[in-house]
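1. show me the folded form of this:
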Amino acid sequence: MAMLKLNRRLCIKIFGLLRILIFLNFFQVEASFTCPYPCFCNKDSRIVYCSRKNLAHIPSGIPDNSLQINLNDNNFQVTTIQRRNFSSFVDLEHLYLSGCGIESIEVDTFIDLEKLKWLDLSRNSIRIIQDFAFRGLNLEHLFLNGNRDIQLSRNAFQDLRTTGLRLQRCSLTRLSVAVISPLSDSLESLWLDGNHIESLNPALLVNFSKLKHLRLGNNPLHCNCEMKWFADFFDTHPNVFSGARPPHCASPERLRDKTFDTLPADAFLCNAPVFSSVDVTFDEDQGTLKCIATGDPAPTLYWIKSSGDKLIYFPPGDRKMATNTAVLQIPRPTTNLNDKYAETFVCLASNAAGNVTFTFNVTLPEKTVTTTSTASTTISTTTNSSPSKGDIDDPMLGIEPDFSSNEKQTRRTSHNGDTNTKQTPIVDIPHETKADRDQPSYHFPNSDENDSKISYGPTGTTSNHRRYMYSSEEKYFRLHDIIAAVAGTFACTVLLCCLFICIICQVKKKVRRRRENKEDYKKHNAQHQKAYLAKQNNTRQEMGAMPELVEFLEVKENRENHYRNTCNQV
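-> Numbering: from 1, shown residues only. Model prediction:
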């Protein structure tokens with residue numbers, strides 16, 4: 001019995017002690033959740049509101065056990081956020097830092113916030129997201145929208161998990177596969193509205209296929225064959241784009257402002273590259289080879305030597321630019337001039353629709369005992385008649401041009417001149433091939449200079465070294481050209497006759513109207529004068545007894561008649 005009473009007393013004491021501990025713990029929680037000035041805090045929900053308080057920095061005194069901190073629309077003087085700013089908020093779930101003037105984020109700034117679900121960094125001035133900036137976070141939504149001209153480093157989202165990523169209005173021009181791939185296992189919603197994206201890499205299909213929501217409205221997409229894969233994805237995944245404006249085309253011109261839901265699959269086309277100009281210039285010190293090619297998309301250009309060495313010229317970033325230029329400088333060889341020098345150069349233009357080549361064979365013969373020497377350059381073109389899309393997928397792949405192709409056609413012309421131990425290159429022009437059909441022919445006049453240039457293309461450009469002129473051979477017109485010229489002359493003659501007849505009719509009409517107006521004026525004047533005379537006669541009869549007044553009226557009448565006669569004569 002004594003033992004039972006002892007146990008009962010012990011239980012009562014333990015229960016009382018627990019009540020005291022609970023009370024003290026509650027009191028400690030209430031006391032620890034203090035609110036810094038000028039913020040507003042909700043102790044029950046552990047939310048701290050510091051929005052629009054014109055704060056110059058993150059205020060001190062924010063409770064460490066806060067679940068939500070709202071610091072939107074302040075003007076921080078320190079524009080870099082660091083790990084020490086948030087390391088104590090281990091329970092934080094929502095952090096809002098929108099419109100605070102933040103410019104940079106240090107690495108591992110949020111690594112201590114393991115419970116964080118929402119991170120809002122929108123409408124700031126962040127210029128670059130560094131590697132591993134969000135390492136360790138497991139978010140529901142990451143807001144980076146409204147950061148103009150932001151740059152995403154290759155590992156910006158490495159070791160980050162988030163179901164939603166907002167990148168609207170960030171002035172992005174491209175979406176890198178390497179940047180977005182670390183999110184492929186967790187990302188479900190991606191917002192890319194209002195950027196400057198013109199094209200999308202087909203490798204993004206793996207990432208896009210896992211999305212539930214994708215927004216790409218208000219981007220200037222260039223709708224050629226490189227975007228056909230995305231058009232197919234749009235057609236086969238309508239739910240991914242539901243509830244928002246569909247993507248639209250900004251170029252080419254024939255598809256401008258057309259949305260993807262109104263375009264058939266065969267509307268996404270590319271144009272194979274074509275050489276618009278090829279120039280060769282030689283002077284005493286070096287030679288210059290220049291080729292310009294156009295296509296859609298703008299082609300990548302390669303200068304390839306017979307040794308296999310190559311130079312790559314990538315197209316401009318603007319997809320609306322369809323032209324690319326490659327310039328190659330050839331130094332004069334420093335070997336013994338008695339040795340013969342020969343080199344072959346190939347200009348290769350390639351895009352998704354195919355490729356085309358232009359070949360230069362440069363030969364400097366060995367020096368002779370005479371003071372006259374010659375050199376020759378042979379130019380030939382090769383065009384793929386049925387180019388394959390996969391001819392050049394990677395610009396770093398080796399390219400070995402076929403210099404012995406049967407499609408190459410060459411025409412040689414000779415040119416000699418006295419140069420007093422200086423060499424004068426001679427440039428030979430090929431026959432028309434598939435690449436240069438309908439181009440004008442050229443010939444080389446005699447020259448007393450020591451440099452030369454050839455211009456190949458529809459413009460027939462020349463330089464101050466040597467002018468190459470059109471051939472003086474006779475040209476024959478085709479039948480439809482003659483018919484068109486005759487028809488045009490006849491039409492112009494008919495139009496001129498009609499114009500002349502219209503002018504004559506207008507002049508006659510004005511003369512007739514002027515004559516009618518003059519006759520009407522004379523009739524009206526005669527009637528008025530007759531009425532006036534009748535009135536004067538009546539007055540004279542009434543005033544017969546007043547001779548002085550009659551004389552005055554006669555003088556007045558004579559003056560008025562003289563004035564009228566003068567006016568009529570005028």
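2. next one: phi and psi at Leu152?
-> Dihedral angles of Leu152 (phi, psi; degrees, to the nearest 10) stand at phi -110, psi 120.
3. tell me the pLDDT of the residue nearest to Cys50 when sequence neighbours are not counted.
-> Spatial nearest neighbour of Cys50, excluding adjacent residues (C-beta to C-beta, 6 or more residues apart in numbering): Cys39 at 4.1 Å. Heads up, the C-betas are built off the backbone N, CA and C, glycines and all. At Cys39, the model reports a pLDDT of 91.
4. what's the separation between Cys39 and Ile330?
-> Distance, Cys39 to Ile330, using C-beta to C-beta, to the nearest Å: 71 Å.
5. what's the local residue count around the residue nearest to Cys50?
-> Look at Cys39: counted by other C-beta atoms under 10 Å, it has 18 neighbours.
6. dump the residue contacts of it.
-> Counting by C-beta atoms under 8 Å, 6 or more residues apart in numbering, Cys39 touches Val48, Tyr49, Cys50, Lys53, Pro59, Ile62.
7. CSV for these, including distance to Asn361 and neighbour count?
-> Output for the contacts of Cys39, formatted as CSV (distance: C-beta to C-beta, whole Å; neighbours: other C-beta atoms under 10 Å):
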residue, distance to Asn361, neighbour count
Val48, 77, 24
Tyr49, 78, 17
Cys50, 75, 23
Lys53, 76, 17
Pro59, 76, 18
Ile62, 77, 22
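8. farthest pair within those residues?
-> Pairwise distances among those were taken by C-beta to C-beta; the largest, 12.6 Å, belongs to Lys53 and Ile62.
9. got any ranges where this protein has weak pLDDT?
-> 1-13, 15-33, 332-341, 364-477, 539-550, 570 (pLDDT under 70).
10. which residues touch the residue nearest to the spatial centre of it?
-> Closest to where the C-alpha atoms of the chain average out (C-alpha atoms, centre = their mean) is Asp318, at 4.7 Å. Residues near Asp318 by C-beta under 8 Å, 6+ apart: Glu198.
11. quick one, helices of the chain?
-> 2-32, 177-180, 205-208, 228-236, 479-542, 547-569 (DSSP state H).
12. make JSON lines out of these and add distance to Cys249 and mean neighbour count.
-> Listed next are these as JSON lines, based on distance: least, C-beta to C-beta, whole Å; neighbours: other C-beta atoms under 10 Å:
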{"stretch": "helix 2-32", "distance to Cys249": "59", "mean neighbour count": "10"}
{"stretch": "helix 177-180", "distance to Cys249": "22", "mean neighbour count": "18"}
{"stretch": "helix 205-208", "distance to Cys249": "18", "mean neighbour count": "16"}
{"stretch": "helix 228-236", "distance to Cys249": "10", "mean neighbour count": "17"}
{"stretch": "helix 479-542", "distance to Cys249": "37", "mean neighbour count": "10"}
{"stretch": "helix 547-569", "distance to Cys249": "76", "mean neighbour count": "11"}
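13. now distance to Ser251 too, for these, in CSV please.
-> Formatted as CSV, those follow (distance: least, C-beta to C-beta, whole Å):
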stretch, distance to Ser251
helix 2-32, 60
helix 177-180, 23
helix 205-208, 22
helix 228-236, 15
helix 479-542, 34
helix 547-569, 74
